[in-house]
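S.K.: Structural data only, the sequence is not supplied:
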Ligand SMILES: [Zn+2]
């Protein structure tokens, strides 16, 4: 490929332009000034920077030292050397590609947010040192004790009974009991139970009292919470929320703000609910472990019914899910009850 391009040359630091021409043989570029047969300068086209491509304007060529060559022909386009530039020019010339881009970007974000990021975030959790869930658990418990919870008012006998159930379940299921602790709290959140990432499971006085006539229902609840810990749902939830915030910070060009997102992640553990798939996973864990203990998954359904009643929630309205709105979420109560009853029926059928 050999090209001759007439134009105007502006030497670096000079405001005096000179007529000249550029000869291009392959990628080798030689600049001749008017009236001279010897090249004024030679270099590789790759070492020059090409100006913006704008309709109706010539595309300048900037040499490494700041010298500038502007072709006379406004339609002239320099051969593209770098892949990035080539792609950009191709895109500029193809409206269908631009339109596709408009569609692809949201689609890309959707796939990232719903599939790729959760998967990557979940996988990242296993790489974290144990100190991270431990500290998050302690931090969250501290915050909850400051805001939503008070010391338990249950009698020692009541606490002992539940602790006995808890210990029995841990032993029978050969779970590492040292990784778990059960705490009793009185709380403004009513009948509730939740797990923290470090294996701390908190039950409120209200849920203990509520399930005193049906102790196996409370075991089902405790198993569900253990399921959240075993599947590391708390940490995964945080990792997902953090990854999403960072993605949007990057897309919106506010990457400095992403640091705050990471730092603020601890508090989101209290506000955010487990995702639907996590609740289902914990429910399934509870069904399986109940069977292991020789109990029916129907006890889980019974627990859900008791909680729904206690929270004055109509089962049909499909309300707030999990135990209550704190640290909790869907699948809708009725659906979860049905899943437990299905599991119970299957067990009976065996
Ligand atoms: Zn749950």
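M.R.: It's in. These figures come from a predicted structure and were not determined experimentally.
S.K.: May I have the predicted confidence score for residue 326?
M.R.: For residue 326, the model assigns a pLDDT of 34.
S.K.: low-confidence ranges in the chain?
M.R.: 1, 81-89, 91-93, 252-273, 312-332, 349-350 (pLDDT under 70).
S.K.: show me what contacts the residue nearest to residue 233 when sequence neighbours are not counted?
M.R.: With sequence-adjacent residues excluded and distances taken as CB to CB, 6 or more residues apart in numbering, residue 233 is closest to residue 278, at 4.4 Å. Bear in mind the C-beta positions are built from the backbone N, C-alpha and C, glycine included. Going by CB atoms under 8 Å, 6 or more residues apart in numbering, residue 278 touches 228, 231, 233, 236-237.
S.K.: Then residue 251?
M.R.: Contacts of residue 251 by CB under 8 Å, 6+ apart are residue 109.
S.K.: hmm, back to that, mind checking which of the contacts of residue 278 land in strands?
M.R.: Using DSSP state E, no member of these falls in strands.
S.K.: how about those residues in CSV, adding distance to the ion and neighbour count?
M.R.: Compiled in CSV, the contacts of residue 278 are given as follows (distance: CB to the ion, whole Å; neighbours: other CB atoms under 10 Å):
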residue, distance to the ion, neighbour count
228, 6, 27
231, 10, 19
233, 8, 23
236, 13, 23
237, 11, 26
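S.K.: what about residue 141, how many neighbours?
M.R.: Residues lying near residue 141 (other CB atoms under 10 Å) number 17.
S.K.: wait, it sits on residue 200?
M.R.: Yes. Residue 141 lies in contact with residue 200 (CB atoms under 8 Å); the separation is 6.1 Å.
S.K.: So for the two, which residues contact both of them?
M.R.: Common neighbours of residue 141 and residue 200 (CB under 8 Å, 6+ apart) are residue 183.
S.K.: Give me every residue in contact with stretch 109-123, excluding its own residues.
M.R.: Contacts of stretch 109-123 (CB under 8 Å, 6+ apart): 236, 239-240, 242-244, 247, 251.
S.K.: ok, 6 Å please
M.R.: The contact list for stretch 109-123 (CB atoms under 6 Å, 6 or more residues apart in numbering) reads 236, 239-240, 243-244, 247.
S.K.: first to last residue in it, what's the distance?
M.R.: 19 Å (CA to CA, to the nearest Å).
S.K.: Do you have the helices of the stretch 51-200 of the chain handy? List them.
M.R.: Along the stretch 51-200 of the chain, counting by DSSP state H, counting those that start in this stretch, helices occupy 83-93, 95-111, 117-125, 131-147, 156-172.
S.K.: now the strands for this protein?
M.R.: Going by DSSP E, the chain shows strands at 2-10, 17-25, 28-33, 41-44, 49-50, 61-62, 68-71, 149-151, 181-187, 193-195, 200-204.
S.K.: Looking at these, spot the one closest to the ion.
M.R.: Nearest to the ion among the strands of the chain is strand 193-195 (7.5 Å), distances taken as CB to the ion.
S.K.: Counting by contacts, list what the closest one packs against.
M.R.: Strand 193-195 makes packing contacts with strand 200-204, helix 215-230 when contacts are defined by 3 or more CB pairs under 6 Å, 6 or more residues apart in numbering; DSSP states H and E.
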